[in-house]
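1. Please work out how this folds:
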Amino acid sequence: MTHLLCFGLGFSARVLAARLAARGWTISATSRTAAGAAAIAAMGYRGWIFDGTSPLGDAAFDGVTHIVNSAPPGAEGDPVIARNRPQLAARARQVTWAAYLSTTGVYGDHAGGWVDEDTPLTPNTERGWKRVEAETQWLDLWRESGFPIHLFRLAGIYGPGRNQLLSIRDGSARRVIKPGQVFSRIHVEDIARVLEASMAYPHPGRAYNVCDDEACPPQDVIAYAAELLGRPVPHDIPFAEADLSPMARSFYADSKRVSNARIRSELGVTLAYPTYREGLTALAKGLKD
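-> Residues are numbered from 1 along each chain as shown. Next comes the predicted model:
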């Protein structure tokens, strides 16, 4: 029996879990609260409480063959490693595949240049350095115990319920212009596609960039979303004049084009949404239905 344990059932993990459950997999997932664990159980999965302050009980690992960790790092690095390292090491043979969902923010700023998985990790934000620390902790566990971890560096995620079409429709979309700025992105269904491909062709210790084929300025995506909905394109706002939260502003600290060649060559992945145009077009059809 195949059994997936998700540390955190957020946007990406939820899509993967649904795809695997439809194929007969057993799904377990954690939440920080009892209410969250109950909501997971209501979905037909096994719900567990893990808030990062104490280990997840041994019973949660019974029969688990695959693990996905999307928990954000904290003061001690990755909370799953910090609290469950002995349990994970003891199950290095039981677990056949595991994933840590990281971010392309680990590469830092490259002034619009290309990066791949061999590019040195030089983040320029505290969040980025915490991700590097978490990646290192997982790789250390792999080297010491053989635990079959894989690193997935995700670009900006969009999909149903999280996309520029919705911000155009509710009037919150803004075209913030920073010359030379480009982002990479990925549809949430394609994240699941990449993870499933890695399960079929495991390569423990390997890192994979998870992004689509076309990095582009964020304002281009906003304009395309407006066009799809037949709405006016929002006015341009110079970056220096934009009223952005510290979190939003930090995303503009990095400009780079992320290569996805490895997921193609090693995992044989064909993306369902190779650019934002295919992804937003499909999502727009869903909005009209």
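
2. The helix or strand where residue 133 lies - contacts with which helices or strands?
-> Residue 133 belongs to helix 126-145 when assigned by DSSP states H and E. When contacts are defined as 3 or more C-beta pairs under 8 Å, 6 or more residues apart in numbering; DSSP states H and E, helix 126-145 sits against helix 79-90, strand 97-103, strand 149-154. Every residue, glycine included, has its C-beta placed from N, CA and C.

3. the inter-axis angle of the longest one versus helix 126-145?
-> Helix 79-90 and helix 126-145 meet at an angle of 10 degrees, taking axes from the mean of the first three to the mean of the last three C-alpha atoms, to 10 degrees as the criterion.

4. Can you give the distance of helix 79-90 from its chain's centre?
-> How far helix 79-90 lies from its chain's middle: 21 Å, per C-alpha atoms, centre = their mean, to the nearest Å.

5. For it, buried residues please.
-> Residues 79-85, 88 are the ones in helix 79-90 that count as buried (16 or more other C-beta atoms under 10 Å).

6. rewinding a little: show me the one of the helices and strands packed on helix 126-145 that comes nearest residue 231.
-> strand 149-154 (28.6 Å; C-beta to C-beta).

7. since we're on residue 236, how many residues are nearby?
-> 12 (other C-beta atoms under 10 Å).

8. With residue 131 instead?
-> 26.

9. do residue 172 as well
-> 10.

10. Could you do residue 234 as well?
-> Neighbours of residue 234 (other C-beta under 10 Å): 19.

11. Wait, it touches residue 177, no?
-> No. Using C-beta atoms under 8 Å, residue 234 makes no contact with residue 177, being 10.9 Å away.

12. So which residue of this structure lies furthest out from the middle?
-> residue 232 (30.9 Å; C-alpha atoms, centre = their mean).

13. is it true that that one touches residue 223?
-> No. At 10.2 Å, residue 232 and residue 223 do not qualify as touching, with contact defined as C-beta under 8 Å.

14. Residue 221: what's it in contact with?
-> Neighbour list for residue 221: 164, 185, 276, 280 [criterion: C-beta atoms under 8 Å, 6 or more residues apart in numbering].

15. What residues sit buried inside whichever strand or helix holds it?
-> Residue 221 is located in helix 218-229, with elements delineated by DSSP H and E. By 16+ other C-beta under 10 Å, the buried positions in helix 218-229 come out as 218-219, 221-226, 228-229.

16. do you know how far residue 128 is from residue 74?
-> 15 Å (C-beta to C-beta, to the nearest Å).

17. Of the two, give the one with the bigger neighbour count.
-> residue 128 (23 against 12).

18. Can you verify my assumption that that one contacts residue 102?
-> No. Using C-beta under 8 Å, residue 128 is not in contact with residue 102; the gap is 9.7 Å.

19. hey, C-alpha coordinates of the lowest-mean-pLDDT helix or strand in the chain in PDB?
-> Least confident helix or strand, the chain: helix 246-251 with a mean of 82, by mean pLDDT, DSSP states H and E. Output of helix 246-251 as PDB, limited to C-alpha atoms (Å, rounded to 0.1, in the frame of the first residue of the first chain):
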ATOM      1  CA  PRO A 246       7.400  44.500   3.300                       C
ATOM      2  CA  MET A 247       6.600  41.000   2.100                       C
ATOM      3  CA  ALA A 248       5.500  42.100  -1.300                       C
ATOM      4  CA  ARG A 249       8.400  44.400  -1.700                       C
ATOM      5  CA  SER A 250      10.800  41.600  -0.800                       C
ATOM      6  CA  PHE A 251       9.700  39.700  -3.900                       C
END
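
20. I would like the residues contacting it, please.
-> Counting by C-beta under 8 Å, 6+ apart, 125, 127, 156, 183, 242 sit against helix 246-251.

21. how is this structure carved up into domains?
-> 3-155+186-210, 158-184+213-258+272-288 (automatic domain parsing).

22. contacting residues around residue 46?
-> By C-beta under 8 Å, 6+ apart, the neighbours of residue 46 are 26-29, 40, 60.

23. Just the pLDDT for residue 279.
-> You'll see residue 279 listed with a pLDDT of 98.

24. Look up phi and psi at it.
-> phi -60, psi -50 (degrees, to the nearest 10).
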